[in-house]
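Novice: model the structure of this input:
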Amino acid sequence: MSGYKKPLPEIEGWWDKEFWEGCKRHELLLQQCADCMKINTYSPRILCPNCLSTNLKWIKASGKGKIYSFTVVMAHPPASFIGDVPYVVAVIKLEEGPRMISNIVECKPDGLRCDMDVEVVFEDVTEEFALPKFRVTKR
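Specialist: Modelled structure (predicted):
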């Protein structure tokens, strides 16, 4: 793990620290407002975008969803990703509602299509970080 050469996430503050700690435990966490019960979009917030409450909590997501959209990077990636070409960047619609961007792994890109079922898997890249990625499943 210590040889990881790609960019790592930056923890910006208390509002997103729990998300990355969950990933390290191989748990996909989502923020939910304890007042209006709305699940926030993937990006952690300090206020609920629905009712502006600061009463936010973290819930464990199922880790399941569907491919909403995707692209296959075939050429000219950032330098640290050259060895990964071709790779898939996808928008995943989680069962809980929010969409998040991640990679699709463990499959050939030409076999992908929108609406395929996926589940989260975690790539342990350093002692501090595990990255959530997705693989195709059969339900």
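
Novice: at which residues are the strands of this structure located?
Specialist: 29-33, 56-60, 64-73, 87-94, 99-104, 117-124, 130-136 (DSSP state E).

Novice: got the buried residues for the fourth one?
Specialist: Using 16 or more other CB atoms under 10 Å as the burial criterion, the residues of strand 87-94 that qualify are 87-88, 90-94. Every C-beta, even on glycine, is put in place using the N, C-alpha and C of the backbone.

Novice: JSON lines please, covering the strands of the chain and showing mean pLDDT and distance to Ile11.
Specialist: Shown next, in JSON lines, are those (pLDDT from 0 to 100; distance: least, CB to CB, whole Å):
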{"stretch": "strand 29-33", "mean pLDDT": "95", "distance to Ile11": "14"}
{"stretch": "strand 56-60", "mean pLDDT": "95", "distance to Ile11": "14"}
{"stretch": "strand 64-73", "mean pLDDT": "98", "distance to Ile11": "24"}
{"stretch": "strand 87-94", "mean pLDDT": "97", "distance to Ile11": "21"}
{"stretch": "strand 99-104", "mean pLDDT": "96", "distance to Ile11": "17"}
{"stretch": "strand 117-124", "mean pLDDT": "98", "distance to Ile11": "17"}
{"stretch": "strand 130-136", "mean pLDDT": "98", "distance to Ile11": "13"}
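
Novice: which stretch among those comes nearest Glu21?
Specialist: strand 29-33 (8.3 Å; CB to CB).

Novice: now do that closest one: which elements does it pack against?
Specialist: Strand 29-33 sits against helix 14-24, strand 56-60, with contacts defined as 3 or more CB pairs under 8 Å, 6 or more residues apart in numbering; DSSP states H and E.

Novice: next, the angle from it to strand 99-104.
Specialist: 180 degrees (axes from the mean of the first three to the mean of the last three CA atoms, to 10 degrees).

Novice: and strand 29-33, how far out from the chain's middle?
Specialist: Between the centre of strand 29-33 and the centre of its chain there are 13 Å (CA atoms, centre = their mean, to the nearest Å).
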